[in-house]
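Trainee: Any chance you could fold what I've pasted below:
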Amino acid sequence: MPLTYSVNLGILNRLKNDLALRTRRGIFEIFMRECAPTQNSRVADFGASGHREHPAHYFFEEMYPHRENLTVIARASENAGWFPEQFPGIRFLEADLRNIPLSDLHFDCGICNAVVEHAGQRDQQAALVREVCRVCRCVVFTTPNKRFPIELHTFLPLLHWFPDTIYRYTLAHIGYKHFANVENLNPLNAKAFMGLFPAARRNRLLQLGFPLLTTNLLCVSSEQSLHPYLDPTHMSREPNRPN
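Mentor: As a prediction, the model looks like this:
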């Protein structure tokens, strides 16, 4: 059974997922623009969900055009081994994102969508970000914005703005015990989010949503040698590079 990332809204789940898919289409467009993958680029979806009931959960695999060079990485607890069957050509790697069994800069481009807020305490979130950056030249990370007045996993208003002890105590006592555990949900504002990234990389904050009501934070993190105005083919995999 895949992990639980948001509350069950019953008959409203379809609407929730439809709205999430709209946002994720925008995220995909940002990935394509910022990372500029080519047909030969090695690309990774870091931290895929095992849920299959709505395309919002596998939007990247649906939309990315070069699946023959796409690797999906997910924890064993996600039960996500179905990806290669549903999307022929995709590679699947079972791994914890804090310990990826691949060499430095193995991938040219990647996306890590709405994963870091589920990685635990700040030190564990930073460990995940560092490891993903270690194996990938250019990555787009995303997370819901803690400063948005509705918390986008529990859909409760304003409670996540209270001090952490009050926030978690209240969650546990109103039927949200799963999300009260910091290992399952640890929201980030822009300052905390950007503080996770290695200073040696070029890290640029982008935001999605409405003026003064940013719903999602994005960080494009790339090797310092990658300049956004250079020809993106410099990120392509050399034809004879071993797999």
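Trainee: Can you check the pLDDT for residue 224?
Mentor: As predicted, residue 224 sits at a pLDDT of 87.
Trainee: who's in contact with the closest residue to it other than its chain neighbours?
Mentor: Excluding its sequence neighbours, the residue lying closest to residue 224 (CB to CB, 6 or more residues apart in numbering) is residue 202, at 5.5 Å. C-beta coordinates here come from the backbone N, C-alpha and C atoms, glycine included. Residue 202 sits next to 221, 222, 223, 224, 226 when contact means CB atoms under 8 Å, 6 or more residues apart in numbering.
Trainee: Let's see which of these end up in strands.
Mentor: Assigned to strands by DSSP state E, the following of these qualify: 221, 222.
Trainee: now the contacts of residue 202 in TSV, with distance to residue 48 and neighbour count?
Mentor: Below are the contacts of residue 202 laid out as TSV (distance: CB to CB, whole Å; neighbours: other CB atoms under 10 Å):
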residue	distance to residue 48	neighbour count
221	19	23
222	21	22
223	23	15
224	28	8
226	24	17
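Trainee: Tell me the one of the contacts of residue 202 nearest residue 53?
Mentor: Using CB to CB, residue 221 comes nearest to residue 53 of the contacts of residue 202, at 30.7 Å.
Trainee: Now do that closest one against residue 75, distance only.
Mentor: According to CB to CB, to the nearest Å, residue 221 stands 21 Å off from residue 75.
Trainee: just residue 11 next, same as before
Mentor: 30 Å.
Trainee: which of the two has more neighbours?
Mentor: With neighbours defined as other CB atoms under 10 Å, residue 11 and residue 75 compare such that residue 75 has more, 17 against 6.
Trainee: ok, that one - contacts?
Mentor: By CB under 8 Å, 6+ apart, residue 75 lies in contact with 3, 47, 94, 95, 96, 97.
Trainee: if you look at these, which of them are in strands?
Mentor: Counting by DSSP E, those contribute residue 94 to strands.
Trainee: Pull out the buried members of the contacts of residue 75.
Mentor: Neighbour-count burial (16 or more other CB atoms under 10 Å) is assigned, among the contacts of residue 75, to 47, 95, 96, 97.
Trainee: quick one, strands of this protein?
Mentor: Counting by DSSP E, the chain has strands at residues 43-46, 70-74, 91-94, 107-113, 136-144, 202-210, 213-222.
Trainee: got the angle between the fourth one and strand 136-144?
Mentor: Looking back up the chat, that one is strand 107-113. For strand 107-113 against strand 136-144, the angle by axes from the mean of the first three to the mean of the last three CA atoms, to 10 degrees is 10 degrees.
Trainee: all numbers from here: first residue = 28
Mentor: Got it, first residue is 28 now, which makes that one strand 134-140.
Trainee: Tabulate the strands of the chain in JSON lines, adding columns for distance to residue 156.
Mentor: Shown next, in JSON lines, are the strands of the chain (distance: least, CB to CB, whole Å):
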{"stretch": "strand 70-73", "distance to residue 156": "10"}
{"stretch": "strand 97-101", "distance to residue 156": "14"}
{"stretch": "strand 118-121", "distance to residue 156": "18"}
{"stretch": "strand 134-140", "distance to residue 156": "8"}
{"stretch": "strand 163-171", "distance to residue 156": "7"}
{"stretch": "strand 229-237", "distance to residue 156": "10"}
{"stretch": "strand 240-249", "distance to residue 156": "8"}
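Trainee: ok, which stretches of the protein are helices?
Mentor: Taking DSSP state H to define them, one finds helices in the chain at 40-62, 86-90, 110-113, 149-162, 191-200, 204-207, 217-221.
Trainee: residues of the fifth one that come out buried?
Mentor: Along helix 191-200, the positions that meet the burial threshold by neighbour count (16+ other CB under 10 Å) are 194, 195, 198.
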